[in-house]
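Asker: Could you work out the structure for the sequence below:
(chains A and B)
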Amino acid sequence: MIASLSLILLCQLAGEVVVRGLGLPMPGPVVGLLLLLLLLLARDRFAVLARGPLQQDGVENASRGLLANLSLLFVPAGVGVVQKLDLLAEHGIAVAAVLAISVVVTLLVTVATFLVASRLLGRGRSAL
Amino acid sequence: MSENPFSLWVYLSQSPLLWLTVTLLVYAITDAVSLKTQRNPLANPVLHSMWIIGAFLVLTNTSYTTYFGGAQFVHFLLGPATVALAVPLYENRKVVVAAVLPMLAALVVGSVTAIVSVVLLAEAAGLPRAVILSLAPKSVTAGVAMGISESLHADPSLTAVAVVLTGIMGAIIVTPLMNRIGIADFRARGFAVGVAAHGIGTARAFQVDAVAGVFAGIAMSLNALVTSLLVPLAVTLLVR
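Answerer: Now for the predicted structure:
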């Protein structure tokens, strides 16, 4: 458990080091995600890596535990709304409407693009 | 004697212990209610935790800074949780590799739509420039969006609120919307909610379907990359 959490933190730390060191325009945890993914893939290739948190579903179970409670992690940022009450009193309805319309439009456009692209590619493949 | 309860409150209300406990307890209750209602989208645990804790802070005249002293331990886990997304990605790598091209197309189009639509709508609604800049990165996960907002000299704390509100709206609306228009492909449904509503949408997707959750997680992490590149560009082009 502790070893698995350490591995996750280590990936994030390495991600931050890479991002800061190279001045990359991306968040450190996303690089950490890629590192952990590479580690898991490398473990299947090289048996020597399958030890500590990388065996018996160690890091897998720790990650599942974190992700099972993902929405909890947004609560502290969300409570920040108490700092913005005067701004929301002035512009709250406009902000809420803008965000709501934008979310619906984004959902529809994204789902449509995904389906059209996979249909076009599927047709291309069956035509071959 | 009569002063004792008050001095105890003064002590506790400044300690991280109280606010961390309040955060976990309120979430545990709202999550239990959500489970009781078969995960009804309107029983969204983040939404209800947010207003209950917010009202409690206002009533007890507690500053957000004091609250965050305790809640930061939860907030910190957003980073490790992003790293943890590697695991569902790894476990579903075959499904993911098979759908890599539709995903990339949907990612680019969806990410551009999220940014452009919010900037244009906010301009049409006549919102002040500082507010528009703070809303622009609202579709990516909180930590990343706040970083983007900072680099634009906008208001990161307003961005955080916009991010959470967007996530809640996406999580509430996605299931009824997709059912209404008859989308049965859970890869597409998950991917869309990950692009539009980041981690809160992803949490919702995991409740509905495991494959949808995986695709939402991928969408949210890829969108963090794309949005941090696109928002500065879009803002230069669109905001006067």
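Asker: So which residue is smack in the middle of chain A?
Answerer: The residue lying closest to the centre of chain A (C-alpha atoms, centre = their mean) is A:V30, at 6.9 Å.
Asker: Next, that residue: phi, psi?
Answerer: Backbone torsions for A:V30, taken as degrees, to the nearest 10, come to phi -70, psi -40.
Asker: Name all residues that make contact with it.
Answerer: A:V30 makes contacts with A:G15, B:T82, B:V144, B:S221, B:A224, B:L225, as judged by C-beta atoms under 8 Å, 6 or more residues apart in numbering or on different chains. All C-beta spots, glycine's among them, are computed from the backbone N, C-alpha and C.
Asker: Now do it, the pLDDT please.
Answerer: pLDDT, A:V30: 82.
Asker: do the same with B:F206
Answerer: As predicted, B:F206 sits at a pLDDT of 87.
Asker: and it, how many neighbours does it have?
Answerer: As a burial measure, B:F206 scores 20 neighbours (other C-beta atoms under 10 Å in any protein chain shown).
Asker: Can you name every helix or strand that the one helix or strand B:V97 maps to contacts?
Answerer: Using DSSP states H and E, B:V97 sits in helix B:93-98. Judged by 3 or more C-beta pairs under 8 Å, 6 or more residues apart in numbering or on different chains; DSSP states H and E, the packing partners of helix B:93-98 are helix B:210-238.
Asker: And the helix it packs on, how far out from the chain middle?
Answerer: The chain centre lies 13 Å from the centre of helix B:210-238; the measure is C-alpha atoms, centre = their mean, to the nearest Å.
Asker: Give me the buried positions along it.
Answerer: Across helix B:210-238, burial judged by 16 or more other C-beta atoms under 10 Å in any protein chain shown covers B:211-228, B:230-232, B:234-235.
Asker: ditto for stretch B:92-102
Answerer: B:N92, B:V96, B:A99, B:P102.
Asker: Quickly find the element holding the last one.
Answerer: Remark: B:P102 resides in helix B:100-124, with elements defined by DSSP H and E.
Asker: list the helices and strands that helix packs on?
Answerer: Applying 3+ C-beta pairs under 8 Å, 6+ apart, one finds that helix B:100-124 contacts helix A:85-127, helix B:129-135, helix B:186-208, helix B:210-238.
Asker: Low-confidence stretches in chain B?
Answerer: Flagging of chain B using pLDDT under 70 yields the residue ranges B:1-3, B:240.
Asker: Between the contacts of A:V30, which sits nearest B:A130?
Answerer: The closest of the contacts of A:V30 to B:A130 turns out to be B:V144 (C-beta to C-beta; 19.8 Å).
Asker: quick one: that closest one and B:E150, what's the gap?
Answerer: With the distance defined as C-beta to C-beta, to the nearest Å, B:V144 ends up 11 Å from B:E150.
Asker: Can you add distance to B:A154 and give the helices and strands packed on helix B:100-124 back as TSV?
Answerer: Shown next, in TSV, are the helices and strands packed on helix B:100-124 (distance: least, C-beta to C-beta, whole Å):
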stretch	distance to B:A154
helix A:85-127	13
helix B:129-135	4
helix B:186-208	18
helix B:210-238	9
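Asker: Please identify which helix or strand holds A:P76.
Answerer: Per DSSP H and E: A:P76 is located in helix A:75-79.
Asker: Please work out the average pLDDT along that helix.
Answerer: 92.
Asker: distance between that helix and the chain's centre?
Answerer: Its chain's average C-alpha position is 18 Å from that of helix A:75-79, according to C-alpha atoms, centre = their mean.
Asker: Tell me the helices and strands packed up against it.
Answerer: So helix A:75-79, by 3+ C-beta pairs under 8 Å, 6+ apart, packs with helix B:16-36, helix B:45-59, helix B:64-76, helix B:156-180.
Asker: just those: most buried one?
Answerer: Mean neighbour count (mean count of other C-beta atoms under 10 Å in any protein chain shown) peaks for helix B:156-180 among the helices and strands packed on helix A:75-79, with a mean of 23.
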